[in-house]
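In: From the sequence below, what's the structure:
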Amino acid sequence: MSEILDKIQGLNRKYLKKILFSQSSYPIPKVCFYLLGIGIYSLRITLVVSSLCLIHYIYNFSFRKFSFNKLILFIFWTVFICIYYLQYKLPFFPPEFDGSLSLVVYLVRAIPLLLLILVSLQLKNKSIYFNLVFLFSLGMLTHAILNTVNTVIISDPPYYGRVYEFFTGGRVNSPGTTLLASFSSLLLLGFVGDKKVQKKKLLFVFLFITFLISAAISLTFLARTYFFVLAIGTILIAIRYASETGKISFFLLSLFLSVTLLASAFKFLLPANLSDRIINGVYSMKIQHNIDYFNQIGENFFIYPKSYITLDVYWFHNFFYDVHRSSGPYAAICAYGIVLITSFSIVVNWEKRYTKSLLIIFSLFIPYLLTTIPWESSEYQIIVLFAGFTMLVAD
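Out: Have a look, this model is predicted:
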């Protein structure tokens, strides 16, 4: 009897080991990256979750060949993480904000990024790595849902400009939450119309659900960026379809319908105050940010440019400019270099599977990077997600 029990226990241990450390399904990393995507504000919990993922990584470790572009991207991201912290100088901040960058807070941001790009060097299966990136984005969406529900419960409308964090209870700016909510649907949107996608029904189901949630959160906080990016994505999908089929008339029809539907939505479907923000937004301020930035670096790139030269503001509201503002020229060179290497990888891998879809997704990332400060704000997960996406493109 004892021999039988020993065999059963041995089989259970073997089965459990196969489930937890499977290289084909990566179960532990999937759970870990979903949790890291939600955003963990405790260094201890971050270390525990990351350690579980790292143990799985080490257990399945084997040397594999990967592209030169991927290696260079890995180096650039690693150097960026280090330089950003080491050369960070306290910029001009509002009195109510603490602009200092503590090591503990920074490690909570940096560890998930380093872990995600490290895993990309090991994984042979590109679809599994995309699943990890997508699960991370679902964690971001979960965080946005929790913040939205918490804000609606404890405060009164309108909600634009204020969100009450579910985990900390603190009040933060609303655009961050709408950004966290956007990326799950955008990661899927790029694959619409891709003939190489096998599970098309599953794609459309997930896209429909994530779109509804993202749009609802954007409407709640009167956010406009998501709708602009959706319009860009729709046009890019139509361009791809027209180029593959030669049906230029389809592209023109899609463009006309997209513009008509968006105009109708802005005029009749969206709340009046959101429509007004989209149509009559203060876009001259963004133009002035660009003028101020380039005037400064035109004289000397190796400086810490200031955002308040002309306008009395604390940020450029641009990932690249604000990295340069807070951590100097070398961090900015890494940020610009990452985008250039990713663009080059798309060109080199043009004939590979899914590259055109990845180009569309990459094009949808850029507007967010040009209008937000995710690495400096509390929504650091956006840059972690972008890092994982760039490694996916470079493979």
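
In: Let me see the contact set for the residue positioned nearest the centre of the chain.
Out: In the chain, the residue lying closest to the centroid (Cα atoms, centre = their mean) is residue 382, at 3.3 Å. Listed by Cβ atoms under 8 Å, 6 or more residues apart in numbering, the contact set of residue 382 reads 140, 179-180, 183, 368, 372, 374. For the C-beta atoms, the positions are set from N, CA and C on the backbone; glycine is no exception.

In: can you give me the helices for the stretch 251-395 of the chain?
Out: Taking DSSP state H, counting those that start in this stretch to define them, one finds helices in the stretch 251-395 of the chain at 272-279, 283-299, 319-348, 355-371, 381-394.

In: Out of the ones you listed, which is the most enclosed?
Out: Most buried of the helices of the stretch 251-395 of the chain by mean neighbour count (mean count of other Cβ atoms under 10 Å) is helix 381-394; its value is a mean of 25.

In: pLDDT of that one, averaged?
Out: Averaged over helix 381-394, pLDDT sits at 94.

In: now that helix against helix 319-348, angle please.
Out: 20 degrees (axes from the mean of the first three to the mean of the last three Cα atoms, to 10 degrees).

In: Okay, now the unreliable bits of the stretch 151-300 of the chain?
Out: The stretch 151-300 of the chain contains residues with pLDDT under 70 at 250, 258-259, 261-283.

In: Show me the strands in it, by range?
Out: 163-164, 171-172 (DSSP state E, counting those that start in this stretch).

In: right, so those: which one is the most enclosed?
Out: strand 163-164 (a mean of 22).

In: Show me what it pairs with in its sheet, parallel or antiparallel.
Out: strand 171-172 (antiparallel) (DSSP bridges).

In: just how off-centre is the strand it pairs with within its chain?
Out: 20 Å (Cα atoms, centre = their mean, to the nearest Å).

In: mind listing what the closest residue to residue 170 other than its chain neighbours touches?
Out: Among residues not flanking residue 170 along the chain, residue 164 sits closest, at 7.4 Å (Cβ to Cβ, 6 or more residues apart in numbering). Shown in contact with residue 164 (Cβ under 8 Å, 6+ apart): 147, 150-151, 154-155, 170-172.

In: make it 7 Å
Out: By Cβ atoms under 7 Å, 6 or more residues apart in numbering, the contact list for residue 164 reads 150-151, 154-155, 171.

In: Type out the PyMOL command that picks the buried ones from these.
Out: With 16 or more other Cβ atoms under 10 Å as the criterion, this PyMOL line picks the buried residues out of the contacts of residue 164:
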select buried, resi 150+151
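
In: Residue 180 reaches residue 138, doesn't it?
Out: No. Using Cβ atoms under 7 Å, residue 180 is not in contact with residue 138; the gap is 10.7 Å.

In: Between those two, tell me which one has more neighbours.
Out: residue 180 (30 against 18; other Cβ atoms under 10 Å).

In: and the more buried one, how far is that from residue 369?
Out: 15 Å (Cβ to Cβ, to the nearest Å).

In: What of residue 378?
Out: Residue 378 sits 17 Å away from residue 369, going by Cβ to Cβ.

In: for residue 298, same thing?
Out: Taking Cβ to Cβ, one finds residue 298 at 21 Å from residue 369.

In: on that earlier part again, the helices of the stretch 251-395 of the chain: which one's closest to residue 130?
Out: helix 381-394 (6.0 Å; Cβ to Cβ).

In: quick one, the closest one and helix 355-371 angle?
Out: Going by the same axes, to 10 degrees, helix 381-394 makes 150 degrees with helix 355-371.

In: Return helix 381-394 as PDB; C-alpha atoms alone will do.
Out: Extracted C-alpha coordinates of helix 381-394, given in PDB (Å, rounded to 0.1, in the frame of the first residue of the first chain):
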ATOM      1  CA  GLN A 381       3.300  50.100 -16.800                       C
ATOM      2  CA  ILE A 382       2.800  51.800 -20.200                       C
ATOM      3  CA  ILE A 383       6.600  52.000 -20.700                       C
ATOM      4  CA  VAL A 384       7.000  48.400 -19.400                       C
ATOM      5  CA  LEU A 385       4.400  47.300 -22.000                       C
ATOM      6  CA  PHE A 386       6.200  49.300 -24.700                       C
ATOM      7  CA  ALA A 387       9.500  47.700 -23.800                       C
ATOM      8  CA  GLY A 388       8.000  44.200 -24.200                       C
ATOM      9  CA  PHE A 389       6.400  45.200 -27.400                       C
ATOM     10  CA  THR A 390       9.700  46.400 -28.900                       C
ATOM     11  CA  MET A 391      11.300  43.100 -28.000                       C
ATOM     12  CA  LEU A 392       8.500  41.300 -29.800                       C
ATOM     13  CA  VAL A 393       9.000  43.400 -32.900                       C
ATOM     14  CA  ALA A 394      12.800  42.700 -32.900                       C
END
